[in-house]
Each structure stands twice: as C-alpha cells, then as structure tokens.
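[1] just need the structure, nothing else, for what follows:
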Amino acid sequence: MNVHINDQSTLLIMLFVFQFFCSCGQQTKTPPVAKTENIKEVMHGVEVNDPYRWLEEWEDQQVRSWSDTQNSYARNILNNLPGKEELTKRIGKILRMASVSYFFLTWNNGMLFAEKHQPPLNQSLLVTMSSAGAPESERIIVDPNKIDTSGGTTIDWYVPSPDGQFVAVSLSVGGSESGDVHIFETATAKEQDEVIERVNGGTAGGDLTWLPDGSGFFYTRYPRAGERAEEDLNFYQQVWFHKMGTSCESDRYVMGKDFPRIAEIRLTMDDKSGRLLVTVQYGDSGRFSHYIVEPDGTWKQITDYDDQIVQVLFGPDNTLLLISLRNAPRGKIQRLSLAKPTLKKAETIIPENENTVVSSFSSKSTMVATPSRLYVTYQTGGPSEIRVFDHDGHHQNGPDILPVSSIYEITPLDGDDILYRNGSYIEPPAWYRFNAAEAFVRKTALVNTYPVDFSDSEVIREVATSKNGTKIPINIIRRKTSKLDGSNPVLLTGYGGFGASNSPGFNPTIRVWIEQGGIYAVANIRGGGEFGEEWHHAGMLTHKQNVFDDFAAAMKHMVDAGYTNPEKLAIMGGSNGGLLMGAMIAQHPELFKATVSRVGIYDMIRSELTPNGTFNIPEYGTVKDPEQFRALYAYSPYHNVKDSVAYPAILFMTGANDPRVDPMHSRKMTARLQAVSISDSPILLRTSSSTGHGMGTPLSERIKEIADMYAFLFHQLGIQYKSVE
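    Numbers count the residues shown, from 1 in each chain. Next up is the predicted model:
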C-alpha cells in the first residue's frame, strides 16, 4: 500500500509516530529499571537493607510485568547471539537422537519395572520387561506424553506391589513436584478408581510402600485444605494407609501428628514380616529418627535425631542394618536384632575406613542386602564404587567398574545377584549384571548411546589448595591434545552443600563445549559428602564461607596451572550451586568472565521465610540465631553486591513453578546487579513459565535452556561457534 503525505503537519505526526515505535523497540534492548524501596530492618544490631523486597510478591501485577519485560530483554539478546540457530540444532540432535535409557529399576515377581527416557518424547515412561537382557519384551504401563500432550506432566516416582499386579505412580504437573498417586494395573495398564491426593511435594518429597500381600499401602500425605492453616499446607507430612478397593475418604491415619513441622518421611516394608520402617529426617539436616510399626499397628522408636544413624534397612534373620556416623564420620555399618531393637546393642560389622559409606534419603539403592550379600556404595572423594560383604562384614569379590566413575543405582534380583548402573564423565551409563556366585560381570542390553564421541578426551584429577590449606580435588575433562598455554575456554562447576557428593556423571552436551576447544571442570568442594560428614560440616552453617573459598581456589588453580585466564573462565551452578555462583559474583567478580546461575538462592536473610527455605534451616542456619545471622549476612549474595563494580556477564535462569527455591531470589539479585554494575556485560534473567526446579522439565524445554546457556557463554568468552557437522 502506498501512503501519500500531503502536508507538513501530517509529515511531522508520522515522523513522531515512527520515532515512538522505534524507541519502544529499543526498550527491549535495555533491562527494565526496578523501583527501589527504603526498607530497612535492624537485626542483632545490624541494619539490613532490602530495596527490592517488592519483587517477592509474584501475585503482584507489577512484579509479573517486570519479570515479563526482563524475559523480553533476555530473549532479545539470547535469540540473536551468533551461531545460536546452529547451536540449538546441534544440542537438539544430541539429545533427540540419544538412545533410550532406563533408570529407577525395580525387580518384582519376575518382572523388571523401569522408567524409560525415550527421545524425542518430552517425558519418561513407566515400562516393564522380562529382564535387563530383553528390552524388546517391554510393555508401557504409564505414558505421561499421552496423558498430557503439552509435555507438562511427569512421573515423580513409582512403586510396584510385591506381586507386580499393581503399580502406584506419583504424577505432577509443570515442574511443581506436587504429586497425586494414581494406581495402574500392570497387565492392562488400566488406571484404577483410586487417586490419593497430595502425596508428593517439593518440600518434603513423598513416598509409598505396599503391604506384602498387595492388599493396601502406606503413604505420606501433606495436609489438605481445611486441615491446617494455608501457610502450613507444605509442612506437617504424615503417614496414612489405604486399602485397595475402598474409598480414599476412608483411609486410616497411622502416625506423624507428633513429628516436627519440617519432617521429611520415607517408608520401607519388610515383605517377610510385614513390619513398616518409617524414616524421618528433620528438615534437610541429615539427622534422622527411625520407627518400626508392627503389623498390629503398634510402633516403637529405634533411633532419635542425635543418634547419628543416617540410614536403616531390613537385613536377614530378623535384623536391621544401620549406617552410623557416631565416632565414624565416614560411616560404619552395624547390625541390630529386631527381637531387642535397642541401639546400645547394635554390633559393628563393617568398621569405618578411609572412604565414605554413601547413604541417601532420597534413594534406597545405595546399600542393598540380599540373602547372603551386602552391597555397599562408597565415595572415594568424588568417584564412587561398590564393595561387597557377607552379612558378618567379610569382604567378598565385587564388580570392576569404570575409572573415575559413579555407581548411580543398585537393583537386587533373585538370590544374591544385582543389577547396577555405572558411568563416567566420558563413558555413557550402562546397566551391568553381577553374578555373585561367580563374581562375574556382564553388560546388559540397557546401554545409553549418544551421537557424540569422547575418544579424543581424558579425565584427570588435580588438586587446588584452599584458603586454609585444605586440598580440593578438581575433575578436568579435556582433549588429550589440550595445551596449557593459558588460552583455553574453561567451564567450571561445583555444588558444596547438604552432604551431596558431586560425582562423575555423563552429560552428552559437554561435548559441545569440548569440540569448540573448551575444557570442562568439576570441583569437589566442602559442604558435600565426598570425604564424609566432617567434609560436609566444614561447609555448612557458620562454616559456609569455606565452600566459597574452595571454589575460588579452584578457579585460581585453573589459571595458575595454565589452563586458562580470567577472560576465558566461565562458571556454572544450580540451586545450592546457584548460591555458590551468587557468592562468586559478590566476592570474586574479577576471577571470571561469565556465569550461568540456575534456580539459585541469593537472599539468605529472607530465604527461610519460604516453604522449602524453612526445610533448609538445618543446613544454612537461621537469622534468629545471632551467630548464624552474622554468617548468613556476611556471605548473602544479594546483600553483598556493591555499588560501582564491574560485574561479569550473568545469565540467571529460574522456573516460575519452582517449589524448592522461590524465583524471587533470582528477581531480587538481578535487579540489584543491574542497578549497580558499571561493566558493559549483560545481566539477564530468564524465567520459564512452565517449569520448576528442573524436575520434570520437558525435553523440548531442556534443549532451549541448554542452547541459551552455551550460546551465552560462547559469546562472552569470545568463542565463535563452528558447526562440526
């Protein structure tokens, strides 16, 4: 269409309109300015400023509008990064062309249940097969991709009945981890008319275990509307019982009313005796109490929170097997008779040694008892291994595993045989079968493959020296031909918290970094469990600064050892590792060029006011305690951002539905840094409206996230992405 301008006034109006729309377009190229409020509190004699508290209120339309504009600003930059389209295709090909993979295996009554990840499907399936050697026999029991074609529904976990006739499945939506349990008949994949609401959650998780005859099951449950005040609905987890074929309204309360507000509960059934083991963690403290519920409903407490028993399982011959940290910070294994379950009578069968017994609240497969064997996972400073004992603690021949690798899962089969999943940084995971009688290992058909090749790469372990002299292992994944001339792009990551070990894991997209000349590194810093509970305690509560000193030492080591220089160094972390990134931004902005920080915790003063932040108090501390407040305030990233500092390039990533770390942390930290940084480096906030902390993120969304991350880092480190295909 042609437009004719007939007079000067019309021309001026058109020019004004043109300039207006041009300026509106330019606004997406600058971040929205966040208003500040003069909010000050005096805490233990210290004045604490909080200028962006208004950004905590997600229901406020101003906050949503500001967040949307931040997304627009971030997208304007991320979408136009050099090589972004080719990079997205490369990552998509790697992840979509990956083989199927199987995890969370359970052997029940001659059937192998498994979650199956099948690219390019967005969500994993629940399947069953005759054995690990016959994946062609599999049948699909639950397919969330058909339940929800948007890709937003995910399997949180599943538990088959002992006879395999039914399977209970927790399903949640949008990364919320708020799961209801659905019951499916295995033979027909037909859902039963029994849905148990509010079993799983993003604060205390959730669990379920069946009666030995499959006639019903015990399950965890959060309060329902009207049972507690609204602010308590993510707390006060209890144990309930459901009888198959009956109305859920008639379910029976079992125990939990006297448990702490931040109780986290796991359930285990002894299929021989019908006894129920109830494990209760006090928040995220790593402190546990244990209860035995008899078939007649009576119960007895076996351990208390201060007894330092971190895991219990049923053993043979009417016994319990215990992992104890009392006078053994790297763990010892004890045996206790259920005839007289008094902790003082516990007998040590495997004493503490130089490595660390791995215990896990979220997984029941780190220590497995079979009729005459005990399989124990040990941490060796980052990597892990399986050791095998008889039930008197005598060493038996065990499986050989990959070098610098991890044991992800152990699944008991019939007799003493097991399946175990083993992988490394450069070797994809595979399931292996161990024949106990012959001490023979055979790789099964359940093997992961990807369209990437790490044969030109190697893994080496070096040691950095932290501020107080502590030696910090660093796992370095590099090409064998890498030169130590200080010019390599390096991506360094770490975690350091909650006693969680940063173990070797295969990530196929790391190949994208390696093939562009990069080096990838993982630091085993304090706060984790790599060297036992002393290593964990040295990085928690008032000792948290050690974690940050360790990671700073790892950054310096990568420079001093000739791998890189600060202009070529990027760092990355998520969740508690996002807190680590925030601390590095505030404390050492000069040591690195760019960071990607996912779902991080940055306001340590207000964190405990969020639901999951309350569960984190045993790990981080509380502002109510003067000494802990001083430690929290001293390192809280949000409160330690300084005016007029040239901060590095930062990509904050969060999910609007995150139940574990409130996205308000990312909003407040972004606003503060954008207001004061004097560098030209971008500070971006990417908020996904359809995801949470990362659990249940659809494959399509993961591809977008990873592409944004690598494109951002490549650009900031001056790497021009070159297609390798």
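
[2] where do the helices sit along the stretch 551-700 of the chain?
    Under the criterion DSSP state H, counting those that start in this stretch, helices of the stretch 551-700 of the chain are mapped to 576-587, 611-615, 617-620, 626-635, 664-676, 699-716.

[3] and if you look at the chain?
    For the chain, the helices defined by DSSP state H cover 8-27, 61-78, 84-96, 144-147, 510-514, 533-537, 545-560, 576-587, 611-615, 617-620, 626-635, 664-676, 699-716.

[4] ok, back up a step: please name whichever of the helices of the stretch 551-700 of the chain is nearest to I323.
    For I323, the closest of the helices of the stretch 551-700 of the chain is helix 617-620, at 18.7 Å, according to Cβ to Cβ. Where you see a C-beta, it was placed from the backbone N, CA and C, and this is true even at glycine.

[5] any idea how many residues pack against T149?
    10 (other Cβ atoms under 10 Å).

[6] give me the distance between it and A134.
    Distance from T149 to A134, counting by Cβ to Cβ, to the nearest Å: 30 Å.

[7] sorry, back to before: any idea which of the helices of the chain is most buried?
    helix 576-587 (a mean of 26; mean count of other Cβ atoms under 10 Å).

[8] quickly list the domain ranges of the protein.
    61-93+452-716, 101-269, 271-354, 356-449 (automatic domain parsing).

[9] single out the most deeply packed of those domains.
    When the domains of the chain are compared using mean count of other Cβ under 10 Å, domain 61-93+452-716 is most buried, at a mean of 20.

[10] what mean pLDDT does that one have?
    On average, the pLDDT along domain 61-93+452-716 is 97.

[11] could the domains of the chain go into CSV alongside distance to H44?
    Below are those laid out as CSV (distance: least, Cβ to Cβ, whole Å):
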stretch, distance to H44
domain 61-93+452-716, 5
domain 101-269, 23
domain 271-354, 23
domain 356-449, 32
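
[12] compare those and give me the one nearest V724.
    Nearest of the domains of the chain (Cβ to Cβ): domain 61-93+452-716, 5.2 Å.

[13] I'd like the distance between D417 and A369.
    From D417 to A369 the distance is 13 Å (Cβ to Cβ).

[14] ok, S99 touching L446?
    No. In this structure S99 lies outside contact range of L446 using Cβ atoms under 8 Å: 9.7 Å.

[15] hey, what's the residue nearest to L105 when sequence neighbours are not counted bridged with?
    Using Cβ to Cβ, 6 or more residues apart in numbering and skipping the chain neighbours, the partner closest in space to L105 is T411 (4.3 Å). Assessed by DSSP bridges, T411 has beta-bridge partners L419.

[16] wait, which of the helices of the stretch 551-700 of the chain is closest to G532?
    Across the helices of the stretch 551-700 of the chain, closest to G532 is helix 617-620 (Cβ to Cβ), at 16.4 Å.

[17] and the contacts of that closest one?
    262, 282-287, 497-498, 540-541, 544, 604, 607-608, 632 (Cβ atoms under 8 Å, 6 or more residues apart in numbering).

[18] list just the nearest of these to V661.
    S607 (8.4 Å).

[19] contacting residues for that closest one?
    601, 613, 616, 620, 662, 665.

[20] now the last one. Nearest residue, chain neighbours left out?
    Put plainly, it is H665. Y602 (4.5 Å).

[21] next one: the fifth one
    Using Cβ to Cβ, 6+ apart and skipping the chain neighbours, the partner closest in space to D662 is T610 (4.4 Å).

[22] V167: which of the contacts of helix 617-620 is nearest?
    Distances from V167 to these, taken by Cβ to Cβ, are shortest for D284, at 28.8 Å.

[23] ok, what's across the strand from the nearest residue to L322 once chain neighbours are set aside?
    Counting by Cβ to Cβ, 6+ apart, L322 lies nearest to Q334, which is 4.5 Å off, once chain neighbours are set aside. Beta-bridge pairing of Q334 under DSSP bridges involves L322, T348.
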